[in-house]
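*Asks:* Test case, fold it:
(4 chains)
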2 protein chains.
Amino acid sequence: MNKKLYRGSLETIILKLLADNKEMYGYEITQVVKEMTSGTLELTEGALYPALHKLEGKGILSTETKNIGNRYRKYYSLTKQGKQQVPIIIEEMENYLKTIQIILNPKTA
Amino acid sequence: MNKKLYRGSLETIILKLLADNKEMYGYEITQVVKEMTSGTLELTEGALYPALHKLEGKGILSTETKNIGNRYRKYYSLTKQGKQQVPIIIEEMENYLKTIQIILNPKTA
DNA sequence: TTCACTTACCTAAGATTCTTAGGTATAAAT
DNA sequence: ATTTATACCTAAGAATCTTAGGTAAGTGAA
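*Replies:* Numbers count the residues shown, from 1 in each chain, chains lettered A, B, ... in the order given. Sure, this is the predicted structure:
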């Protein structure tokens, strides 16, 4: 079973989930993706956290740290700028998927 | 217009084209992809040639250099090993596309 | 006939984005 | 008491891309 990510899709996945769920924390994202894809897609934390930090640095995500007992969770949500960008990024991904389909399946696509 | 490749798909594209076309040379691959996708996907030679060399090094592709007047073309084709691998690689890509669709479109996918 | 464009190969430096492999700490379960 | 799960993180290295070149022959237009 090949569980590697095709590079470039992680960012889109994060943004789509946050568009649907308002706010999520990192670990939650890994679990939700795993559930949604029945275990096919397992995001590694070594890829996820740097990606989240990068999106925050670009002003697309903002964070709020919440205390849960003695622990904390860092919740991410889309900024106003992020909300504007998401549909564009998702459309780019969908166009790309269609384009790949043309190559993989030139008769039906 | 975003023409960047989502990383990881170039190899699959090359192998699918060679499965359909028996033999092709590098420049031809860039042109065919451009035509098939109406200009959406433009493979850069800086990505393509190293990818071809890598696949040849792994024994998946073999080459035959043909003289065209004073020039030459380097034709690539699938080895026996390559022909065995292609359907597996294509299926992996298709599974991945479906998985991404689950995230992007959780209702219909 | 010269100059630009296309065809056709290539490489190298740097950027990006991933994997692998850790580390830290609390909470829950065995 | 120890393992597993939750929850954050980073750093080294690998892989794969972009960008920016270089070389050379064929083609077409001014």
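
*Asks:* Longest helix in chain A, by number of residues?
*Replies:* Across chain A, the longest stretch assigned as helix under DSSP state H is helix A:80-104.

*Asks:* anything in that one near DNA strand C?
*Replies:* No. On the criterion C-beta under 7 Å from any atom of the strand, helix A:80-104 is out of touch with DNA strand C, staying 11.3 Å away. C-beta: built from backbone N, CA, C; applies to glycine.

*Asks:* Now do that helix against helix B:80-104: the angle between them, please.
*Replies:* 150 degrees (axes from the mean of the first three to the mean of the last three C-alpha atoms, to 10 degrees).

*Asks:* What is helix A:80-104 packed up against?
*Replies:* helix A:9-21, helix B:9-21, helix B:26-36, helix B:80-104 (3 or more C-beta pairs under 8 Å, 6 or more residues apart in numbering or on different chains; DSSP states H and E).

*Asks:* is stretch A:50-61 up against DNA strand D anywhere?
*Replies:* Yes. Applying C-beta under 7 Å from any atom of the strand, one finds that stretch A:50-61 is in contact with DNA strand D at A:50, A:52-53.

*Asks:* And for A:Pro50, the neighbour number?
*Replies:* Neighbour count for A:Pro50, taken as other C-beta atoms under 10 Å in any protein chain shown: 11.

*Asks:* oh, I was asking about A:Thr44
*Replies:* Applying other C-beta under 10 Å, I find that A:Thr44 has 12 neighbouring residues.

*Asks:* What parts of chain A come near chain B?
*Replies:* Contact residues (C-beta under 8 Å from any C-beta of the partner chain) of chain A with chain B: A:2, A:4-9, A:12-13, A:16-17, A:20, A:33, A:36-37, A:40-41, A:90, A:92-97, A:99-104, A:106.

*Asks:* Throw together a PyMOL command that grabs the buried residues out of those residues.
*Replies:* A single PyMOL command selects the buried members of those (16 or more other C-beta atoms under 10 Å in any protein chain shown):
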select buried, chain A and resi 5+6+8+9+12+13+16+17+33+36+37+40+41+90+92+93+96+97+99+100+102+103+104
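
*Asks:* now check the longest helix of chain A, is it near DNA strand D?
*Replies:* No. Using C-beta under 7 Å from any atom of the strand, helix A:80-104 stays clear of DNA strand D, with a minimum separation of 11.5 Å.

*Asks:* the inter-axis angle of that helix versus helix B:26-36?
*Replies:* If you take the same axes, to 10 degrees, helix A:80-104 sits at 110 degrees to helix B:26-36.

*Asks:* what's the offset of helix A:80-104 from the middle of its chain?
*Replies:* Between the centre of helix A:80-104 and the centre of its chain there are 13 Å (C-alpha atoms, centre = their mean, to the nearest Å).
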